[in-house]
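> Here's my sequence, what's the structure:
(chains A and B)
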There are 2 protein chains.
Amino acid sequence: MPRVSQDQLEARRHEILGAARGCFARYGYEGATVRRLEEATGLSRGAIFHHFRDKDSLFLAVAEDDAAAMVETVARNGLVQVMRDLLERAGGSGDTAGWLGSQLEVSRRLRTDPEFAKRWAERSAAIASATRDRLQRQRDAGVLRDDVPVDVLTQFLELAYDGLVLHLATGRPAGELSRVLDVVEGAVRRS
Amino acid sequence: MPRVSQDQLEARRHEILGAARGCFARYGYEGATVRRLEEATGLSRGAIFHHFRDKDSLFLAVAEDDAAAMVETVARNGLVQVMRDLLERAGGSGDTAGWLGSQLEVSRRLRTDPEFAKRWAERSAAIASATRDRLQRQRDAGVLRDDVPVDVLTQFLELAYDGLVLHLATGRPAGELSRVLDVVEGAVRRS
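The predicted structure is shown next:
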């Protein structure tokens, strides 16, 4: 095998992640077979798994990137805005259906695979922490209700987020969800 | 095969349902194999599938009973109380973990199997309708907020219910969920 620089390794890793993200989003976790991952990346399984130990590691690396992006959006615009964006994207075409499907696959794995659950927990914790920090800043600014602890409001928003993911992932119609998110947002604000 | 009366058929059907419920609750949908259903019911697969076309039909019949029970609780005590009961049961031992797992299996099937989704939709509709009726009675009694349509509040409670199921089904700790449910309840009440 020819020697490659650290930069080349990083670039290749980045390429694989991008292609794999599209493949997971399109086919879901189970549907993104190794063969499809080969097609999406244009690489052999040997080359792919030289960079990522296995399909799980590849999926978790994609999820880590997603979580980092979500943490940024939460810090900037809050978890309610993440929900509004998700609702809007679910109405369009694109790869959101596949992404939602992947989230359900993750849920199944969380139940049955403690090792996976441990690796996943770090991503959830980062998102919870960004949500809590933003709510604390809003409380300091006096726009948040102050009769309920910030931790409880954080978990309330996470409950709504989980509910939205499950609703959309099961392909149910959006109905009045946009106005439901107004109720969610109103419930954490100072009235 | 000996002739049996309609009553005997019904009684047998009822027995199978009860045993199958325990089996699905304990092992989840996938884990409740035909062999385990045989053990749970004490009947051969031939006898079981004489009464229910296939495992799907058996599962849907159990789900139909569950939905009917849930409709009664919702009508009497509301969907928030259903959530409080679920939270309490999830903290204990018992078969709630398996039941929650089954709900996730259902979610997966809803995504991938339009025929199953159609049969399931009737159950969801009955629960939504009971929730809406109860909220309407509360609005008539003047205890519900009146600045948001009842349909939106119904979907808000369903979002919270879905979020709770996903949270608990993935085995995450209950955290402050009991106080989160206070926030959910407060959000539909007149302030």
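> Would you mind writing the CA trace of the helix or strand hosting residue A:58 as CSV?
Using DSSP states H and E, residue A:58 falls within helix A:55-77. Presented in CSV, the C-alpha positions along helix A:55-77 are these (Å, rounded to 0.1, in the frame of the first residue of the first chain):
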residue,chain,number,x,y,z
LYS,A,55,-20.5,0.3,9.4
ASP,A,56,-21.5,1.3,13.0
SER,A,57,-18.4,3.4,13.4
LEU,A,58,-19.1,5.0,10.0
PHE,A,59,-22.7,5.7,11.0
LEU,A,60,-21.6,7.1,14.4
ALA,A,61,-19.1,9.4,12.7
VAL,A,62,-21.8,10.7,10.4
ALA,A,63,-24.1,11.1,13.5
GLU,A,64,-21.3,12.9,15.3
ASP,A,65,-21.0,15.5,12.5
ASP,A,66,-24.9,15.9,12.5
ALA,A,67,-24.9,16.4,16.2
ALA,A,68,-22.1,19.0,16.0
ALA,A,69,-24.2,20.9,13.4
MET,A,70,-27.3,20.6,15.5
VAL,A,71,-25.4,21.9,18.6
GLU,A,72,-24.5,25.0,16.5
THR,A,73,-28.1,25.6,15.4
VAL,A,74,-29.4,25.0,18.9
ALA,A,75,-26.8,27.5,20.3
ARG,A,76,-27.7,30.1,17.7
ASN,A,77,-31.5,29.6,17.2
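> So what touches it?
Residues outside helix A:55-77 that contact it (CB atoms under 8 Å, 6 or more residues apart in numbering or on different chains) are A:16-17, A:20-21, A:24, A:29, A:32, A:34, A:37, A:48, A:52, A:81-82, A:85, A:102, A:106, A:116, A:119-120, A:123-124, A:126-127, A:129-131, A:133-134. All C-beta spots, glycine's among them, are computed from the backbone N, C-alpha and C.
> how about a cut-off of 7 Å?
Outside helix A:55-77, the residues that touch it by CB atoms under 7 Å, 6 or more residues apart in numbering or on different chains are A:17, A:20-21, A:24, A:29, A:34, A:52, A:81-82, A:116, A:119, A:123, A:126-127, A:130-131, A:133-134.
> Check stretch A:180-191 too.
Contacts for stretch A:180-191 (CB under 7 Å, 6+ apart): A:80, A:83-84, A:87, A:143-146, A:153, A:156-157, A:160, B:148, B:152, B:155-156, B:159, B:183, B:187, B:191.
> tell me the mean pLDDT over the helix holding residue A:58?
Across helix A:55-77, pLDDT averages out at 89.
> So for that helix, what gets flagged as buried?
When burial is assessed from 16 or more other CB atoms under 10 Å in any protein chain shown, helix A:55-77 yields the following buried residues: A:55, A:58-64, A:66-67, A:70-71, A:74.
> So which of these is the closest to chain B?
Taking CB to the nearest CB as the measure, chain B lies nearest residue A:63 of the buried residues of helix A:55-77, at 14.1 Å.
> Around chain B, pick out the residues from chain A.
A:101, A:104, A:107-108, A:110-111, A:117, A:148, A:151-152, A:155-156, A:159-160, A:162-167, A:169-171, A:175-177, A:179-180, A:183, A:187, A:191 (CB under 7 Å from any CB of the partner chain).
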